[in-house]
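**Student:** Based on what follows, work out the 3D shape:
(one chain, ligands or ions: 2)
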Amino acid sequence: MKFIVQKFGGTSLVNDETRRMAAKKVIEAKNKGYLPVVVVSAIGRMGDPYATDTLLKLACDGNWELSPRESDLLMSCGEVISGVVMAATIQKEGHPAVFLTGLQAGIITDNNHNDARILKVNPENIIKHARDGKIIVVAGFQGATENGEITTLGRGGSDTTAAALGVALDAEWVDIYTDVEGIMTADPRIVSDARLLEVVTYNEICQLAHEGAKVIHPRAVEIAMQKDIPLRIKSTFSSAPGTLVTSRGEAYKGSIDITRDRTITGITYISDITQFRIPMDGCGDTAGLQRRMFEALALAGISIDFINVHPDVVIFTVKNSVAAKAAQILENMGLRPSILPDCAKVAAVGAGMTGVPGVMARIVGALADEKVQILQSSDSYTTIWVLVKKKDMEKSIRALHRQFGPGEKDIERR
Ligand code: ADP
Ligand code: MG
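**Tutor:** Ligands and ions are numbered 1, 2, ... in the order given. Below you'll find the model as predicted:
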């Protein structure tokens with residue numbers, strides 16, 4: 001059985017016209033001899049009637065204290081609605097279709113409500129319906145525990161569902177359909193001349209996704225990579241081939257090493273973060289204090305990032321949403337942090353930068369030309385990060401994109 005998994009994001013399902021375009025992609029795959037398994041996100045984005053954020057706002061507006069179990073039940077409705085609507089759209093185009101919830105599709109997760117991990121997939125039900133000649137539509141972003149409790153998979157969960165089904169069904173492809181042409185060298189909403197990356201390796205896209213390129217969730221890439229299931233990121237609204245995500249071996253087959261040609265693969269960003277600078281001078285037992293401080297933050301479940309520990313100061317960032325809680329913990333310990341909210345972390349990502357001298361000089365130079373102040377920086381062998389004020393974020397991304405022209409030397413492979 002030649003399965004193909006096709007995942008459609010919220011903007012691809014927002015109205016009857018876009019849903020018909022999505023259904024066309026599914027029917028084209030069927031006509032090519034594949035058995036399509038369609039994974040759907042909730043309809044639309046924030047503000048649209050059945051989007052996940054809108055369902056959550058219902059609870060917020062009502063000021064309800066929903067348990068994680070109940071909020072999963074509420075959130076999982078979005079994908080049930082869009083799945084039923086999508087199956088009906090495909091049927092209307094003359095092809096038998098059936099809708100399955102995550103539970104019915106055999107997606108078994110742990111019981112970590114709101115951010116559950118897929119433990120295994122029992123694909124028997126999907127295979128049975130495929131044998132009956134049906135196109136299967138599966139609710140993304142949800143699964144169930146062994147006991148049948150409904151869970152959700154956290155942000156980007158529908159991408160994860162698609163990758164897990166791709167692995168379980170040994171699919172020929174997992175296609176992620178969205179509102180952009182594929183993975184670009186920067187978010188096209190910010191950099192209008194961002195270029196399409198035609199072929200990227202699993203590792204490259206994982207790095208980009210971890211650093212904020214939200215076009216695909218990193219967990220989905222990691223799952224697909226386990227069994228070498230190729231991913232394609234494409235637009236629902238065009239017939240362009242999009243981005244192929246594949247293993248190193250496949251990417252270089254019959255061609256030159258693409259990563260050697262690009263120092264920087266892409267520019268990414270994560271916004272809405274707060275910087276803490278905590279002076280340590282005059283504290284006596286600095287090491288003991290630093291240890292208690294990091295332990296207290298961890299105990300409160302606060303994830304910290306961009307950490308620099310110096311003898312006289314500790315610097316780190318947290319998400320804006322937990323900044324007040326972090327400040328309270330530090331102040332309770334008698335510390336006097338200076339707090340800078342509304343920052344953004346901009347990253348230049350590329351496996352090809354390893355050992356290339358002068359990358360940091362170019363970053364500092366490009367940002368200085370734009371009069372952007374770098375608040376902090378850090379690097380690994382594939383990524384250089386800078387922290388800037390959020391008001392400077394877009395101009396920083398554009399400046400770095402201009403400086404490096406990422407993707408420029410990509411080679412045409414298909
Ligand atoms: P979907 O609802 O289809 O899952 P997402 O909003 O999750 O869509 O992802 C698509 C969006 O990702 C695009 O609209 C684009 O603004 C954003 N994006 C951020 N970085 C990149 C990038 N490097 N390449 C392509 N898109 C990106
Ligand atoms: Mg998405």
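**Student:** For burial, what's the neighbour tally of the closest residue to ligand 1 within the chain?
**Tutor:** Nearest residue of the chain to ligand 1 (Cβ to the nearest ligand atom) works out as Gly9 at 1.7 Å. For glycine as for every other residue, the C-beta is placed from the backbone atoms N, C-alpha and C. A count of nearby residues for Gly9, using other Cβ atoms under 10 Å, gives 26.
**Student:** Next, work out how far apart it and Gln91 are.
**Tutor:** 22 Å (Cβ to Cβ, to the nearest Å).
**Student:** so what strands line up beside the strand or helix carrying Lys120?
**Tutor:** Using DSSP states H and E, the secondary-structure element containing Lys120 is strand 118-121. Here strand 118-121 is paired, per DSSP bridges, with strand 107-109 (antiparallel).
**Student:** can you list contacts of the strand it pairs with?
**Tutor:** Residues outside strand 107-109 that contact it (Cβ atoms under 8 Å, 6 or more residues apart in numbering): 116-122, 142-146, 151, 153, 161, 164-165.
**Student:** Quick one: mean pLDDT over that strand.
**Tutor:** Averaging pLDDT along strand 107-109 gives 98.
**Student:** repeat for stretch 12-29
**Tutor:** For stretch 12-29, mean pLDDT rounds to 96.
**Student:** Mind listing what's buried along the strand holding Lys120?
**Tutor:** Going by neighbour count (16 or more other Cβ atoms under 10 Å), the buried part of strand 118-121 is Ile118, Val121.
**Student:** Ok, stretch 282-300 next?
**Tutor:** So stretch 282-300, judged by 16+ other Cβ under 10 Å, has buried residues Thr286, Leu289, Gln290, Met293, Leu297.
**Student:** pull the CA atoms of it into CSV?
**Tutor:** The C-alpha trace of stretch 282-300 is given here as CSV (Å, rounded to 0.1, in the frame of the first residue of the first chain):
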residue,chain,number,x,y,z
GLY,A,282,28.7,42.1,47.3
CYS,A,283,26.7,38.9,47.7
GLY,A,284,29.3,36.9,49.6
ASP,A,285,29.0,33.2,48.6
THR,A,286,28.3,33.9,44.9
ALA,A,287,28.5,30.3,43.7
GLY,A,288,26.1,29.2,46.4
LEU,A,289,23.7,32.0,45.6
GLN,A,290,23.8,31.3,41.8
ARG,A,291,23.1,27.6,42.6
ARG,A,292,20.0,28.5,44.8
MET,A,293,18.8,31.0,42.2
PHE,A,294,18.9,28.5,39.3
GLU,A,295,17.3,25.8,41.5
ALA,A,296,14.5,28.1,42.5
LEU,A,297,13.7,29.0,38.9
ALA,A,298,13.8,25.3,37.9
LEU,A,299,11.5,24.3,40.8
ALA,A,300,9.0,26.9,39.6
